[in-house]
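J.: Starting from these lines, generate the structure:
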Amino acid sequence: MRTVQTTQVLGNSKFNKFHLLIFLWCFFAIAFDGFDVAIYGIGLPLMMEDFGISRVEAGAISSYTLVSTMVGTFLLGSISDLIGRKKAIAICLALFSIFTFLAGFTQNATLFMVMRVIAALGLGGIMPILVAMMGEYSPVKKRALTIATMYCGYSIGAIIASLIGMFLMEMLGWRLLYWISIIPLLALPWFLKQFPESVSYYLLRKKGDKIAEILNKVDPDGNYQGTDNFEYDTFTEGTKESPIKKVFSNKRTSSTLAFWIAVTCSMLVISGLTTWLPQIMVDSGHGLTSSLSFNLMLAVGQISGSIFGGILVGRLGHRFVLIAMFFTGALCFVLLSVTTNSLLLYFIITLTGACTVGTQNLVNPYISEFYPREIRTTGLSIAVGVGRIGGIMAPVAIALLLTSNLDPQHAFMAFAIPSLLGAISFITVREKHASFDQVVSVKKPKIA
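T.: Now for the predicted structure:
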């Protein structure tokens with residue numbers, strides 16, 4: 001019997017068709033996550049008119065939805081290690097697909113809010129699980145870039161939503177955006193057939209045949225067998241302590257709290273910007289189509305920030321890049337509040353997208369990798385769940401600013417403060433207590 005270290009096999013693997021399959025399904029899921037988040041802000045001007053609601057009421061709907069998102073992050077993100085990450089992703093896809101679709105048929109704001117709140121449970125749970133899955137299967141040298149590229153799906157979803165809003169919404173109505181969300185439910189049978197379960201899930205249950213089947217797809221030359229010793233006892237020993245308690249153990253408390261503050265600040269900025277950017281630009285004198293084009297450029301910036309940020313992470317270090325992007329984001333918001341030139345606004349908003357959602361796309365794998373692999377979903381789920389508090393506060397806070405006598409564009413200044421706090425939080429992270437994967441080149445094990 002030979003001993004096989006699954007971490008080494010997965011970390012040293014070369015990107016192949018199996019990795020691509022996992023990547024494409026994660027990309028698909030995160031794209032509809034981004035699409036679903038974006039459609040509320042895009043359809044908001046017409047929806048407010050249709051339902052006859054005020055800006056504060058519209059902001060409240062967004063905040064209630066984000067409360068549900070936070071619950072979904074804690075609930076589904078945490079139980080994924082119990083029921084399996086594959087099943088948890090399927091539940092999330094079904095929830096937000098079905099109830100977002102139904103939201104498009106509602107005839108009043110109350111019923112619409114109910115549908116969105118239920119859908120948000122799935123939206124909240126899916127992101128940490130996708131990050132954990134992609135992180136587990138990605139070759140370690142390209143892990144940050146792979147996850148950041150996967151996250152571009154979020155922005156692609158937002159871009160598609162923006163294009164539909166720009167060219168079809170005024171003609172076909174805002175409800176079309178919600179009806180399109182039925183697609184993930186239709187794709188679910190193929191997902192369940194093709195997507196693998198987490199290796200960690202099988203290790204905990206000592207399912208050697210399943211582990212060998214997956215490792216042979218990851219490393220076709222390995223010839224792994226169900227009878228191999230996959231170090232079950234070592235892995236099980238690491239899971240005996242409560243996952244929540246382990247997030248704070250081994251001198252990780254200060255870094256964990258820093259993550260919570262940083263993600264809260266990041267979510268506050270992202271939620272406020274996603275919800276109110278089109279409306280702020282309309283109130284500033286731009287037409288609806290023009291305002292939605294700003295949303296499009298925001299999404300383009302998100303993709304650029306994710307990809308180029310992921311490249312820089314490999315060269316300059318994860319934490320350094322995150323701190324620089326948070327500081328740059330703060331500067332962008334100051335410039336947005338005082339800039340009137342349209343071309344310059346497009347450029348700054350693109351850079352803002354890179355330093356908000358683009359930054360968060362790099363924050364998530366960093367937090368996940370910081371913890372031991374048996375608690376990575378838990379550690380990230382808690383950080384994002386706590387961070388949702390910022391997302392809950394933002395829509396109503398910005399709505400109150402917009403109802404004051406403040407120039408609408410000056411509302412951007414409010415986002416600079418949390419961006420600065422995010423940078424300061426990451427400065428305090430103590431990497432010497434992290435559990436980043438360290439893989440070494442190994443020769444193919446021989447069968448005994």
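J.: Tell me, how many residues neighbour the nearest residue to A103 once chain neighbours are set aside?
T.: Among residues not flanking A103 along the chain, M115 sits closest, at 3.7 Å (CB to CB, 6 or more residues apart in numbering). Yep, even glycine has a C-beta here, placed from its N, CA and C like the rest. With neighbours defined by other CB atoms under 10 Å, the count for M115 comes to 20.
J.: Quickly find the element holding M115.
T.: helix 109-137 (DSSP states H and E).
J.: That helix: how far from the chain's middle?
T.: In terms of CA atoms, centre = their mean, to the nearest Å, the centre of helix 109-137 is found 10 Å from the chain centre.
J.: Hmm, V71 and I389 touching each other?
T.: No. The criterion here is CB atoms under 8 Å, and I389 misses it with V71 at 11.8 Å.
J.: thinking again about what came up before, thinking the residue nearest to A103 is in contact with I98, fair?
T.: No. Counting by CB under 8 Å, M115 sits too far from I98 to count as a contact (9.1 Å).
J.: sorry, back to before: need the pLDDT of the residue nearest to A103.
T.: M115 is assigned 96 on the pLDDT scale.
J.: what's the answer for N364, then?
T.: 85.
J.: If we ignore the residues flanking it in sequence, what's nearest it?
T.: Among residues not flanking N364 along the chain, V131 sits closest, at 4.9 Å (CB to CB, 6+ apart).
J.: need the contact list for the one you found.
T.: With contact taken as CB atoms under 8 Å, 6 or more residues apart in numbering, V131 is in contact with 147, 364-365, 368, 380.
J.: remind me which residues of the stretch 1-150 of the chain are low pLDDT?
T.: Along the stretch 1-150 of the chain, segments meeting pLDDT under 70 span 1.
J.: hmm, back to that, how big is the angle separating the next helix-or-strand element following the helix holding M115 from helix 109-137?
T.: Next helix or strand after helix 109-137 toward the C-terminus (DSSP H and E): helix 143-164. Angle of helix 143-164 versus helix 109-137, following axes from the mean of the first three to the mean of the last three CA atoms, to 10 degrees, is 150 degrees.
J.: Show me what helix 143-164 is packed against.
T.: helix 17-51, helix 109-137, helix 175-179, helix 288-316, helix 357-370 (3 or more CB pairs under 8 Å, 6 or more residues apart in numbering; DSSP states H and E).
J.: tell me the angle of the longest one relative to helix 109-137?
T.: In this case it means helix 17-51. 160 degrees.
J.: what sits up against the helix or strand I417 falls within?
T.: Using DSSP H and E, the element containing I417 is helix 416-427. Among residues not part of helix 416-427, those counted as contacts by CB under 8 Å, 6+ apart are 258-259, 261-262, 264-266, 268-269, 319, 322-323, 326-327, 329-331, 333-334, 355, 359, 390.
J.: Of those, just the buried ones, PyMOL syntax please.
T.: In PyMOL syntax, the buried subset of the contacts of helix 416-427 is picked out as below (16 or more other CB atoms under 10 Å):
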select buried, resi 258+259+261+262+264+265+266+268+269+319+322+323+326+327+329+330+331+333+355+359+390
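J.: Which of the contacts of helix 416-427 fall in strands?
T.: Judged by DSSP state E, strands contain none of these.
J.: If we ignore the residues flanking it in sequence, what's nearest G59?
T.: A399 (3.3 Å).
J.: Verify the contact between the one you found and A58 for me.
T.: Yes. Contact criterion CB under 8 Å: A399 and A58 qualify, at 7.0 Å.
J.: Pull out the buried residues from the helix holding M115.
T.: Counting neighbours by 16+ other CB under 10 Å, helix 109-137 gives 109, 112-113, 115-137 as buried.
J.: The most centrally placed residue in the chain and Y154: what is the separation?
T.: In the chain, the centroid-proximal residue (CA atoms, centre = their mean) is M127; its distance is 4.6 Å. As judged by CB to CB, to the nearest Å, M127 and Y154 stand 8 Å apart.
J.: ditto for G390
T.: For G390 relative to Y154 (CB to CB), the value is 18 Å.
J.: so which pair among the contacts of V131 is furthest apart in space?
T.: Across those, no pair lies farther apart than I147 and L380, at 11.3 Å, counting by CB to CB.
J.: between those two, what contacts are shared?
T.: 131, 364.
J.: I'd assumed V114 was in contact with Y64.
T.: No. Contact criterion CB under 8 Å: Y64 and V114 do not qualify, at 9.4 Å.
J.: Mind pulling up the pLDDT for K193?
T.: 95.
J.: For the helix or strand where it lies, buried residues please.
T.: In this assignment (DSSP H and E), K193 forms part of helix 183-194. In terms of neighbour count (16+ other CB under 10 Å), helix 183-194 has its buried residues at 184-185, 187, 191.
J.: Among those residues, which one sits closest to S284?
T.: Nearest to S284 among those, with distances taken as CB to CB, is P184, at 34.8 Å.
J.: ok, the nearest residue to that closest one once chain neighbours are set aside - contacts?
T.: Of all residues not flanking P184 in the chain, S97 sits nearest, at 4.1 Å (CB to CB, 6+ apart). Applying CB under 8 Å, 6+ apart, we find S97 in contact with 32, 122, 181-185, 188.
J.: Check which helix or strand S97 maps to.
T.: Per DSSP H and E: helix 85-103 holds S97.
J.: now the angle from that helix to helix 17-51?
T.: 20 degrees.
J.: Between helix 183-194 and helix 85-103, find me the angle.
T.: Relative orientation of helix 85-103 versus helix 183-194 (the same axes, to 10 degrees): 160 degrees.
J.: list the buried ones in helix 85-103?
T.: Quick answer for helix 85-103 (16+ other CB under 10 Å): 85-93, 95-103.
J.: Could you list every helix and strand in contact with the helix or strand in which W276 is found?
T.: W276 belongs to helix 253-283 when assigned by DSSP H and E. Counting contacts by 3+ CB pairs under 8 Å, 6+ apart, helix 253-283 is packed against helix 17-51, helix 55-83, helix 288-316, helix 357-370, helix 376-402, helix 416-427.
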